[in-house]
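**Q** here's a sequence, model it:
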Amino acid sequence: MPVAIIKDQIFLQHDPGEHHPEQPERLKRIYQRLEQPDLAEITTVLSPRAAIREELLWNHAPEYIDQIEATAGKIRVQLDPDTATSPDSYQAALKAVGAQFVGLEALFQGLCKAVFALVRPPGHHAEYDRAMGFCIFNNVALAAHYVLKRLQGKRVLIIDWDLHHGNGTQHAFYKSAEVLYFSVHQFPYYPGTGRAEEIGQGPGAGFNVNVPFPPGCGDKEYASAFRNILVPVAEQFSPDVILVSAGFDIYYADPLGGMSVTPVGIAYMTRVVKDLAEKLCQGRLLLTLEGGYNLQGLVECVSAVIFELFGRSIIPDDRLQELQNCPGLTEVELHIKELLKPYWRFVPRHD
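**A** Below is the predicted model:
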(Lines give C-alpha, C1' and ligand atoms only; values in the text may rest on other atoms or scores of the structure.)
Protein backbone atom coordinates (compact mmCIF):
# COMPACT_ATOMS: atom_id res chain seq x y z
CA MET A 1 0.00 0.00 0.00
CA PRO A 2 1.50 3.39 -0.97
CA VAL A 3 2.40 5.92 1.70
CA ALA A 4 -0.06 8.84 1.60
CA ILE A 5 1.51 12.28 1.42
CA ILE A 6 -0.37 15.51 2.08
CA LYS A 7 1.02 18.49 0.20
CA ASP A 8 -0.20 21.75 -1.29
CA GLN A 9 1.27 24.86 -2.88
CA ILE A 10 -0.34 27.03 -0.18
CA PHE A 11 2.30 25.79 2.26
CA LEU A 12 4.96 27.46 0.12
CA GLN A 13 3.17 30.82 0.46
CA HIS A 14 3.81 31.21 4.18
CA ASP A 15 6.89 33.44 4.33
CA PRO A 16 8.14 34.54 7.77
CA GLY A 17 10.81 36.76 6.26
CA GLU A 18 14.17 36.87 4.53
CA HIS A 19 16.89 34.79 6.21
CA HIS A 20 14.34 33.14 8.52
CA PRO A 21 15.25 29.47 9.18
CA GLU A 22 11.68 28.25 8.59
CA GLN A 23 11.74 29.20 4.93
CA PRO A 24 9.51 28.04 2.04
CA GLU A 25 12.58 26.44 0.45
CA ARG A 26 12.34 23.67 3.06
CA LEU A 27 9.17 22.30 1.49
CA LYS A 28 10.19 23.17 -2.06
CA ARG A 29 13.15 20.84 -1.74
CA ILE A 30 11.03 18.07 -0.26
CA TYR A 31 8.33 18.43 -2.91
CA GLN A 32 10.98 18.29 -5.66
CA ARG A 33 12.41 15.11 -4.14
CA LEU A 34 8.96 13.53 -4.08
CA GLU A 35 8.80 13.86 -7.86
CA GLN A 36 11.75 11.50 -8.34
CA PRO A 37 10.67 8.01 -9.52
CA ASP A 38 11.86 6.08 -6.45
CA LEU A 39 9.56 8.08 -4.16
CA ALA A 40 6.80 8.86 -6.67
CA GLU A 41 6.13 5.15 -7.24
CA ILE A 42 5.55 4.44 -3.54
CA THR A 43 3.49 7.50 -2.56
CA THR A 44 0.03 8.81 -3.24
CA VAL A 45 -0.92 12.45 -2.72
CA LEU A 46 -3.85 13.74 -0.68
CA SER A 47 -5.02 17.36 -0.68
CA PRO A 48 -5.66 19.23 2.57
CA ARG A 49 -8.75 21.15 3.50
CA ALA A 50 -8.97 24.28 5.60
CA ALA A 51 -9.84 23.82 9.27
CA ILE A 52 -12.89 25.76 10.41
CA ARG A 53 -13.17 28.02 13.44
CA GLU A 54 -15.11 25.47 15.50
CA GLU A 55 -12.22 23.04 15.11
CA LEU A 56 -9.55 25.59 16.00
CA LEU A 57 -11.46 26.39 19.19
CA TRP A 58 -10.74 22.90 20.48
CA ASN A 59 -7.18 24.05 21.22
CA HIS A 60 -6.99 27.84 20.84
CA ALA A 61 -8.56 30.94 22.40
CA PRO A 62 -11.14 32.79 20.26
CA GLU A 63 -9.20 36.04 20.64
CA TYR A 64 -6.04 34.37 19.39
CA ILE A 65 -7.82 32.92 16.35
CA ASP A 66 -9.12 36.44 15.60
CA GLN A 67 -5.58 37.80 15.89
CA ILE A 68 -4.27 35.31 13.33
CA GLU A 69 -7.22 35.83 10.99
CA ALA A 70 -6.52 39.57 11.04
CA THR A 71 -3.08 38.95 9.53
CA ALA A 72 -4.60 37.73 6.26
CA GLY A 73 -3.49 39.92 3.36
CA LYS A 74 -0.99 41.89 5.41
CA ILE A 75 2.62 42.04 4.27
CA ARG A 76 4.17 41.23 7.64
CA VAL A 77 2.85 40.79 11.18
CA GLN A 78 5.32 39.89 13.92
CA LEU A 79 3.58 37.55 16.36
CA ASP A 80 6.57 36.94 18.61
CA PRO A 81 10.34 37.45 18.19
CA ASP A 82 10.61 34.23 16.13
CA THR A 83 7.22 34.03 14.42
CA ALA A 84 5.86 36.25 11.66
CA THR A 85 3.17 36.05 9.00
CA SER A 86 2.85 37.03 5.35
CA PRO A 87 -0.34 37.64 3.30
CA ASP A 88 -1.17 33.94 2.86
CA SER A 89 0.02 32.62 6.23
CA TYR A 90 -3.48 32.42 7.72
CA GLN A 91 -4.72 30.21 4.87
CA ALA A 92 -1.58 28.09 5.05
CA ALA A 93 -2.07 27.64 8.81
CA LEU A 94 -5.72 26.65 8.34
CA LYS A 95 -4.76 24.02 5.78
CA ALA A 96 -1.84 22.78 7.89
CA VAL A 97 -4.42 21.94 10.55
CA GLY A 98 -6.97 20.62 8.06
CA ALA A 99 -4.33 18.34 6.57
CA GLN A 100 -4.33 16.47 9.87
CA PHE A 101 -8.05 15.83 9.61
CA VAL A 102 -7.83 14.64 6.00
CA GLY A 103 -5.04 12.26 6.98
CA LEU A 104 -6.93 10.93 9.98
CA GLU A 105 -10.08 10.29 7.95
CA ALA A 106 -8.03 8.32 5.43
CA LEU A 107 -6.48 6.26 8.22
CA PHE A 108 -9.73 5.50 10.03
CA GLN A 109 -11.49 4.63 6.77
CA GLY A 110 -8.73 2.14 6.01
CA LEU A 111 -7.67 3.91 2.80
CA CYS A 112 -4.03 3.88 3.91
CA LYS A 113 -1.97 2.87 6.91
CA ALA A 114 0.56 5.69 7.08
CA VAL A 115 0.19 9.37 6.22
CA PHE A 116 2.91 12.03 6.18
CA ALA A 117 1.55 15.60 6.28
CA LEU A 118 4.28 17.72 4.67
CA VAL A 119 2.97 21.08 5.80
CA ARG A 120 4.04 24.42 7.19
CA PRO A 121 3.85 26.48 9.34
CA PRO A 122 4.81 23.93 11.99
CA GLY A 123 2.81 23.67 15.20
CA HIS A 124 4.13 22.04 18.38
CA HIS A 125 5.21 25.27 20.10
CA ALA A 126 1.85 27.02 19.53
CA GLU A 127 0.08 27.64 22.84
CA TYR A 128 -3.61 28.12 23.60
CA ASP A 129 -3.41 31.86 23.15
CA ARG A 130 -0.12 32.70 21.45
CA ALA A 131 2.26 31.89 18.64
CA MET A 132 5.73 30.63 19.51
CA GLY A 133 8.87 29.30 17.87
CA PHE A 134 7.76 29.55 14.20
CA CYS A 135 4.38 27.91 15.08
CA ILE A 136 0.90 29.43 14.62
CA PHE A 137 -1.75 26.75 15.25
CA ASN A 138 -0.85 23.49 16.99
CA ASN A 139 -1.36 21.03 14.16
CA VAL A 140 -0.73 17.79 16.04
CA ALA A 141 -2.64 18.81 19.17
CA LEU A 142 -5.65 19.60 16.98
CA ALA A 143 -5.23 16.22 15.29
CA ALA A 144 -5.52 14.56 18.70
CA HIS A 145 -8.67 16.55 19.46
CA TYR A 146 -10.11 15.45 16.12
CA VAL A 147 -9.58 11.79 16.97
CA LEU A 148 -11.30 12.20 20.33
CA LYS A 149 -14.18 14.43 19.16
CA ARG A 150 -14.90 13.29 15.61
CA LEU A 151 -13.59 9.75 15.24
CA GLN A 152 -14.71 8.28 18.58
CA GLY A 153 -11.14 7.49 19.54
CA LYS A 154 -10.40 6.96 23.21
CA ARG A 155 -6.60 7.12 23.38
CA VAL A 156 -4.06 9.01 21.27
CA LEU A 157 -0.29 8.59 21.44
CA ILE A 158 1.76 11.62 20.35
CA ILE A 159 5.48 11.06 19.72
CA ASP A 160 7.58 14.21 19.32
CA TRP A 161 11.14 13.68 18.09
CA ASP A 162 11.78 17.30 17.10
CA LEU A 163 14.98 18.81 18.53
CA HIS A 164 12.91 21.21 20.64
CA HIS A 165 10.39 20.27 23.29
CA GLY A 166 6.77 20.67 22.17
CA ASN A 167 5.61 22.93 24.98
CA GLY A 168 2.26 23.71 23.33
CA THR A 169 1.39 20.06 22.85
CA GLN A 170 2.42 19.18 26.40
CA HIS A 171 0.32 21.98 27.87
CA ALA A 172 -2.72 21.02 25.78
CA PHE A 173 -2.96 17.57 27.39
CA TYR A 174 -1.05 17.90 30.64
CA LYS A 175 -4.11 16.97 32.72
CA SER A 176 -5.52 14.38 30.32
CA ALA A 177 -5.32 10.60 30.42
CA GLU A 178 -6.71 10.36 26.88
CA VAL A 179 -3.50 11.61 25.24
CA LEU A 180 -0.07 10.22 26.02
CA TYR A 181 2.66 12.69 25.04
CA PHE A 182 6.18 11.32 24.56
CA SER A 183 8.96 13.77 23.71
CA VAL A 184 12.68 13.26 23.23
CA HIS A 185 14.51 16.58 22.88
CA GLN A 186 17.66 18.58 23.51
CA PHE A 187 17.72 20.01 27.02
CA PRO A 188 18.33 22.60 28.34
CA TYR A 189 17.36 24.45 25.21
CA TYR A 190 14.50 26.44 23.70
CA PRO A 191 11.71 26.67 24.87
CA GLY A 192 12.93 25.70 28.36
CA THR A 193 10.21 23.13 29.10
CA GLY A 194 10.54 19.36 28.95
CA ARG A 195 12.21 18.29 32.18
CA ALA A 196 11.87 14.60 33.01
CA GLU A 197 9.94 15.60 36.14
CA GLU A 198 7.13 17.08 34.02
CA ILE A 199 4.98 13.93 33.99
CA GLY A 200 1.45 15.39 33.91
CA GLN A 201 -1.06 16.49 36.54
CA GLY A 202 -4.24 15.11 38.05
CA PRO A 203 -5.81 12.53 35.71
CA GLY A 204 -2.88 13.13 33.36
CA ALA A 205 -0.18 12.13 35.85
CA GLY A 206 2.09 9.64 34.14
CA PHE A 207 0.77 10.43 30.67
CA ASN A 208 3.48 12.98 29.89
CA VAL A 209 6.87 11.39 29.21
CA ASN A 210 9.90 13.59 28.59
CA VAL A 211 13.35 12.33 27.62
CA PRO A 212 15.63 15.38 27.96
CA PHE A 213 18.91 14.64 26.19
CA PRO A 214 22.12 16.66 26.45
CA PRO A 215 23.66 17.92 23.19
CA GLY A 216 25.65 15.41 21.14
CA CYS A 217 23.27 12.47 21.37
CA GLY A 218 22.85 10.43 18.21
CA ASP A 219 21.37 7.30 16.69
CA LYS A 220 22.22 4.98 19.59
CA GLU A 221 20.78 7.22 22.29
CA TYR A 222 17.55 7.83 20.39
CA ALA A 223 17.20 4.14 19.54
CA SER A 224 17.67 3.24 23.20
CA ALA A 225 15.06 5.74 24.40
CA PHE A 226 12.55 4.46 21.88
CA ARG A 227 13.18 0.80 22.69
CA ASN A 228 13.45 1.07 26.47
CA ILE A 229 11.00 3.85 27.34
CA LEU A 230 8.59 4.49 24.48
CA VAL A 231 7.83 0.89 23.54
CA PRO A 232 6.81 -0.46 26.97
CA VAL A 233 4.74 2.63 27.80
CA ALA A 234 3.02 2.66 24.40
CA GLU A 235 2.20 -1.05 24.62
CA GLN A 236 0.51 -0.56 27.98
CA PHE A 237 -1.32 2.59 26.82
CA SER A 238 -2.61 0.84 23.66
CA PRO A 239 -3.60 3.86 21.53
CA ASP A 240 -6.20 4.04 18.78
CA VAL A 241 -3.80 6.01 16.58
CA ILE A 242 -0.21 7.28 16.73
CA LEU A 243 0.66 10.86 15.81
CA VAL A 244 4.26 11.98 15.27
CA SER A 245 5.63 15.51 15.46
CA ALA A 246 8.39 14.75 12.98
CA GLY A 247 11.11 17.37 13.34
CA PHE A 248 14.43 16.83 11.61
CA ASP A 249 16.53 19.43 13.41
CA ILE A 250 18.05 16.48 15.30
CA TYR A 251 20.05 15.86 12.10
CA TYR A 252 23.78 15.99 12.82
CA ALA A 253 24.44 19.07 10.66
CA ASP A 254 21.35 21.13 11.51
CA PRO A 255 22.26 24.80 12.06
CA LEU A 256 19.87 25.20 15.02
CA GLY A 257 20.64 21.93 16.79
CA GLY A 258 23.32 20.14 18.72
CA MET A 259 22.34 16.53 18.12
CA SER A 260 24.09 13.88 15.99
CA VAL A 261 21.27 11.82 14.47
CA THR A 262 21.72 10.47 10.94
CA PRO A 263 19.06 9.45 8.39
CA VAL A 264 19.66 5.85 9.49
CA GLY A 265 18.71 6.83 13.05
CA ILE A 266 15.60 8.56 11.73
CA ALA A 267 14.70 5.42 9.78
CA TYR A 268 15.15 3.28 12.88
CA MET A 269 12.84 5.49 14.96
CA THR A 270 10.31 5.32 12.14
CA ARG A 271 10.57 1.52 12.18
CA VAL A 272 9.90 1.37 15.92
CA VAL A 273 6.88 3.66 15.59
CA LYS A 274 5.55 1.79 12.55
CA ASP A 275 5.87 -1.54 14.40
CA LEU A 276 3.99 -0.07 17.36
CA ALA A 277 1.20 1.14 15.08
CA GLU A 278 0.95 -2.28 13.40
CA LYS A 279 0.82 -4.02 16.77
CA LEU A 280 -1.47 -1.64 18.65
CA CYS A 281 -3.75 0.33 16.32
CA GLN A 282 -4.17 -1.40 12.95
CA GLY A 283 -1.20 0.48 11.53
CA ARG A 284 -2.82 3.91 11.91
CA LEU A 285 0.08 6.36 11.87
CA LEU A 286 0.08 10.07 11.01
CA LEU A 287 3.35 12.01 10.85
CA THR A 288 3.45 15.79 10.56
CA LEU A 289 6.46 17.91 9.63
CA GLU A 290 7.85 20.18 12.34
CA GLY A 291 11.45 21.51 12.27
CA GLY A 292 14.58 20.76 10.26
CA TYR A 293 16.73 23.52 8.81
CA ASN A 294 19.62 21.86 6.97
CA LEU A 295 17.97 21.57 3.56
CA GLN A 296 19.90 18.56 2.32
CA GLY A 297 19.53 16.79 5.66
CA LEU A 298 15.81 17.55 5.71
CA VAL A 299 15.33 15.95 2.30
CA GLU A 300 17.41 12.90 3.24
CA CYS A 301 15.53 12.39 6.52
CA VAL A 302 12.06 12.78 5.01
CA SER A 303 13.04 10.31 2.28
CA ALA A 304 14.30 7.86 4.91
CA VAL A 305 10.95 8.05 6.73
CA ILE A 306 8.94 7.42 3.56
CA PHE A 307 11.10 4.49 2.49
CA GLU A 308 10.79 2.93 5.96
CA LEU A 309 7.02 3.39 6.05
CA PHE A 310 6.75 1.64 2.70
CA GLY A 311 9.06 -1.18 3.77
CA ARG A 312 12.05 -0.27 1.65
CA SER A 313 14.49 0.45 4.46
CA ILE A 314 17.79 2.32 4.16
CA ILE A 315 19.14 0.72 7.36
CA PRO A 316 22.12 -1.61 6.70
CA ASP A 317 21.93 -4.94 8.53
CA ASP A 318 24.96 -4.24 10.68
CA ARG A 319 23.58 -0.87 11.77
CA LEU A 320 20.22 -2.45 12.56
CA GLN A 321 21.87 -4.98 14.86
CA GLU A 322 23.89 -2.22 16.48
CA LEU A 323 20.83 -0.05 17.18
CA GLN A 324 18.76 -2.96 18.46
CA ASN A 325 21.45 -4.14 20.85
CA CYS A 326 23.03 -0.92 22.14
CA PRO A 327 22.91 -0.61 25.95
CA GLY A 328 20.55 1.84 27.59
CA LEU A 329 21.53 5.29 28.79
CA THR A 330 21.73 4.29 32.43
CA GLU A 331 21.58 7.72 34.03
CA VAL A 332 18.85 9.24 31.88
CA GLU A 333 16.71 6.14 31.44
CA LEU A 334 16.88 5.00 35.04
CA HIS A 335 15.81 8.45 36.24
CA ILE A 336 12.83 8.52 33.87
CA LYS A 337 11.79 4.98 34.75
CA GLU A 338 11.95 5.82 38.45
CA LEU A 339 9.68 8.83 37.91
CA LEU A 340 7.21 6.77 35.86
CA LYS A 341 7.32 3.61 37.97
CA PRO A 342 4.02 4.41 39.73
CA TYR A 343 2.26 4.54 36.35
CA TRP A 344 3.97 2.08 33.96
CA ARG A 345 5.78 -1.26 34.18
CA PHE A 346 9.32 -1.53 32.90
CA VAL A 347 10.82 -4.98 32.55
CA PRO A 348 14.17 -6.01 31.07
CA ARG A 349 14.02 -6.49 27.31
CA HIS A 350 15.65 -9.51 25.65
CA ASP A 351 15.12 -8.73 21.96
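**Q** what's the helix or strand harbouring residue 105 packed up against?
**A** Assessed by DSSP states H and E, residue 105 sits inside helix 89-108. Packing partners of helix 89-108 (3 or more C-beta pairs under 8 Å, 6 or more residues apart in numbering; DSSP states H and E): strand 3-6, strand 43-46, helix 53-56, helix 62-69, strand 114-117, helix 139-150, strand 241-246, strand 285-289. Heads up, the C-betas are built off the backbone N, CA and C, glycines and all.
**Q** residue 158 is nearest to which of these?
**A** strand 241-246 (4.8 Å; C-beta to C-beta).
**Q** tell me which strands and helices the next helix or strand after that closest one is in contact with?
**A** Later in the chain than strand 241-246, the nearest helix or strand by DSSP H and E is helix 263-280. Using 3+ C-beta pairs under 8 Å, 6+ apart, the elements in contact with helix 263-280 are helix 219-225, helix 231-237, strand 241-246, strand 285-289, helix 295-310, helix 317-325.
**Q** show the end-to-end separation of stretch 234-249, please.
**A** End-to-end distance for stretch 234-249: 24 Å, by C-alpha to C-alpha, to the nearest Å.
**Q** for that stretch, buried residues please.
**A** Buried residues in stretch 234-249, counted by 16 or more other C-beta atoms under 10 Å: 234, 237, 239-249.
**Q** same question, stretch 25-40
**A** Buried residues in stretch 25-40 (16+ other C-beta under 10 Å): 26, 27, 30, 31, 33, 34, 39.
**Q** contacts for whichever strand or helix holds the second one, please.
**A** Take DSSP H and E as the rule and residue 27 turns out to sit in helix 25-34. Contacts of helix 25-34 with the rest of the structure, by C-beta atoms under 8 Å, 6 or more residues apart in numbering, involve 5, 7, 11-12, 39-40, 43, 118, 120, 289, 292-293, 295-296, 298-299, 302-303.
**Q** next structured bit after the host helix or strand of residue 182?
**A** Residue 182 belongs to strand 179-186 when assigned by DSSP H and E. Later in the chain than strand 179-186, the nearest helix or strand by DSSP H and E is strand 208-213.
**Q** count of neighbours near residue 262?
**A** 20 (other C-beta atoms under 10 Å).
**Q** and the residue nearest the centre of the chain, what does it touch?
**A** Of all residues in the chain, the one closest to the mean position by C-alpha atoms, centre = their mean is residue 245, 0.4 Å from it. Counting by C-beta under 8 Å, 6+ apart, residue 245 touches 123, 124, 140, 158, 159, 160, 161, 162, 166, 169, 288, 290.
**Q** measure it to residue 335 for me?
**A** 23 Å (C-beta to C-beta, to the nearest Å).
**Q** low pLDDT regions in the chain?
**A** Scanning the chain for pLDDT under 70 picks out the ranges 328-330, 348-351.
**Q** can we see that at 90?
**A** 1, 113, 325-332, 347-351 (pLDDT under 90).
**Q** using the three-state scheme, assign residue 84.
**A** strand (DSSP: H, G, I helix; E, B strand; the rest coil).
**Q** in space, what's closest to it - neighbours in sequence excluded?
**A** In space, and not counting its chain neighbours, residue 84 is closest to residue 16: 4.5 Å by C-beta to C-beta, 6 or more residues apart in numbering.
**Q** how many neighbours does the one you found have?
**A** 23.
**Q** does it count as helix, strand or coil?
**A** coil.
**Q** need the phi and psi values for it.
**A** Backbone geometry at residue 16, expressed as degrees, to the nearest 10, gives phi -80, psi 0.
**Q** thought it was touching residue 77?
**A** No. Contact criterion C-beta atoms under 8 Å: residue 16 and residue 77 do not qualify, at 10.2 Å.
**Q** any idea how far the closest residue to residue 252 other than its chain neighbours is from residue 65?
**A** Distances taken as C-beta to C-beta, 6+ apart put residue 260 closest to residue 252, at 4.5 Å, once the chain neighbours are dropped. As judged by C-beta to C-beta, residue 260 and residue 65 stand 39 Å apart.
**Q** contacting residues around residue 63?
**A** residue 129.
**Q** now, of the contacts of helix 25-34, which are buried?
**A** For those, buried by 16+ other C-beta under 10 Å: 5, 7, 11-12, 39, 43, 118, 120, 289, 292-293, 298-299, 302-303.
**Q** what is the nearest of those to residue 264?
**A** Out of the buried ones among the contacts of helix 25-34, the member with the shortest distance to residue 264 (by C-beta to C-beta) is residue 303, at 12.0 Å.
**Q** how about the contacts made by that closest one?
**A** Counting by C-beta under 8 Å, 6+ apart, residue 303 touches 33, 39, 263.
**Q** repeat that with 7 Å
**A** By C-beta atoms under 7 Å, 6 or more residues apart in numbering, the contact set of residue 303 is 33, 39.
**Q** likewise residue 211?
**A** 183, 184, 225, 229, 332, 336.
**Q** mind listing the residues bridging to the residue nearest to the third one when sequence neighbours are not counted?
**A** The reference is to residue 225. Nearest non-adjacent residue to residue 225, counting by C-beta to C-beta, 6+ apart: residue 211, 4.8 Å away. Note on residue 211: beta-bridge partners residue 184, judged by DSSP bridges.
**Q** fine by me, thanks again.
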